[in-house]
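> coordinates only, sequence not included:
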């Protein structure tokens with residue numbers, strides 16, 4: 001028997017989450033069993049656990065879109081028994097049982113072996129948020145946005161994606177402008193490498209078709225008006241990598257930045273990324289993310305704390321990354 005956080009729906013349609021003991025025989029189908037060490041709490045996990053959005057596709061569900069641990073049985077490709085692995089995306093925690101449990105059963109194709117220099121705790125701290133940030137950085141580089149191009153803006157900068165993006169971009173030599181609605185996090189963001197702190201309200205008004213050019217590129221985890229304003233202020237041939245919707249799914253923007261300045265809006269999907277690109281992202285994380293800064297943005301909690309923290313992350317009171325030690 002092992003412990004898991006399970007979200008279930010009763011006959012009256014009420015949804016509730018709780019810690020439950022589960023037997024191996026209850027695990028879903030899959031060719032690989034993982035002894036889980038750490039999972040995380042992301043915004044999407046918060047929505048699922050608090051039942052704020054129809055994230056979960058079937059019940060009962062073990063949420064947790066991230067996990068790290070060791071292959072206990074099965075495996076494949078580069079991930080045989082004993083290999084330290086991470087899993088991000090693929091509908092885990094939504095369609096398939098996820099990482100908020102002491103054991104998980106997965107499809108071997110979803111596994112990525114960890115670089116030697118990244119521990120399972122660090123890999124969880126990076127998680128889908130940090131891995132997504134790295135995919136955004138790759139998108140900027142592929143659109144020829146380099147440090148010499150000019151300042152880079154990061155929205156939702158005190159959140160999980162934003163924190164890692166600030167740290168990576170700063171280490172790579174970019175001048176990072178961090179947008180946040182939490183002015184009390186200014187020192188935290190400067191410690192991660194932000195050169196300038198921009199209050200969220202500065203970008204929260206009705207977007208103009210074109211604004212004064214300010215940034216060569218950016219990483220946006222917010223969407224809606226913030227993204228529309230950022231696009232209007234992006235320099236000629238700049239690129240904004242968009243990966244989130246914390247403010248909303250709408251985009252009240254004009255085509256002007258695209259046709260008059262040649263701006264690119266690069267959508268970043270972290271869920272179904274091919275294996276080879278995942279390997280590239282994780283190898284880059286091993287070299288381009290400062291371990292000390294990762295530690296500074298990470299809080300570790302026990303499995304029993306998850307429900308409380310899930311609500312806090314939805315309330316916007318959690319900074320950086322929250323790692324769950326599922327065995328604590």
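Received it, and whenever you're ready, just let me know what you need. For clarity, every value in this text was computed on a predicted model and none was experimentally measured.
> show me what contacts the closest residue to residue 215 other than its chain neighbours?
Excluding the flanking residues, the one nearest residue 215 by Cβ to Cβ, 6 or more residues apart in numbering is residue 153, at 4.5 Å. In this view, the C-beta of every residue, glycine as well, is placed from N, C-alpha and C. Taking Cβ atoms under 8 Å, 6 or more residues apart in numbering, we find residue 153 in contact with 176-179, 198, 214-215, 217-219, 230.
> same question, residue 299
318, 320-323.
> So which of the residues you listed wins on neighbours?
The residue in those with the most neighbours, by other Cβ atoms under 10 Å, is residue 322 (28 neighbours).
> Is that residue within a helix or a strand, and which one?
strand 321-325 (DSSP states H and E).
> per-residue confidence for residue 52?
Looking at residue 52, its pLDDT stands at 87.
> who touches it in this structure?
Contacts of residue 52 (Cβ under 8 Å, 6+ apart): 46, 314.
> let's see it at 7 Å
residue 314 (Cβ atoms under 7 Å, 6 or more residues apart in numbering).
> That one looks like it's in a helix, true?
No. Secondary structure of residue 52 (DSSP: H, G, I helix; E, B strand; the rest coil): coil, not part of a helix.
> Give me the phi and psi for residue 3.
Reported as degrees, to the nearest 10, the phi and psi values for residue 3 are phi -90, psi 140.
> shouldn't residue 112 be in contact with residue 277?
No. Look at residue 112 against residue 277 with Cβ atoms under 7 Å: they stay out of range, at 10.4 Å.
> Comparing the two, which residue is more hemmed in?
Ranked by neighbour count (other Cβ under 10 Å), residue 112 and residue 277 place residue 112 first, with 22 against 11.
> Now do the phi/psi pair for the more buried one.
phi -120, psi 130.
> in the sheet, who's paired with it?
For residue 112, the beta-bridge partners under DSSP bridges are residue 86.
> Grab the most central residue of this structure for me.
Geometric centre of the chain, nearest residue: residue 129, 1.6 Å, by Cα atoms, centre = their mean.
> re earlier: give me the contacts around the strand holding residue 322.
By Cβ under 7 Å, 6+ apart, strand 321-325 touches 38-41, 100, 121, 124-125, 127, 129, 160, 163, 297-303, 306, 309, 313.
> quick one: low-confidence ranges for the stretch 101-250 of the chain?
Along the stretch 101-250 of the chain, the model assigns pLDDT under 70 to no residue.
> what about the helices in it?
Along the stretch 101-250 of the chain, counting by DSSP state H, counting those that start in this stretch, helices occupy 120-142, 160-171, 186-192, 224-232.
> from those helices, which stretch is densest packed?
Highest mean neighbour count of the helices of the stretch 101-250 of the chain: helix 160-171, a mean of 28 (counted as mean count of other Cβ atoms under 10 Å).
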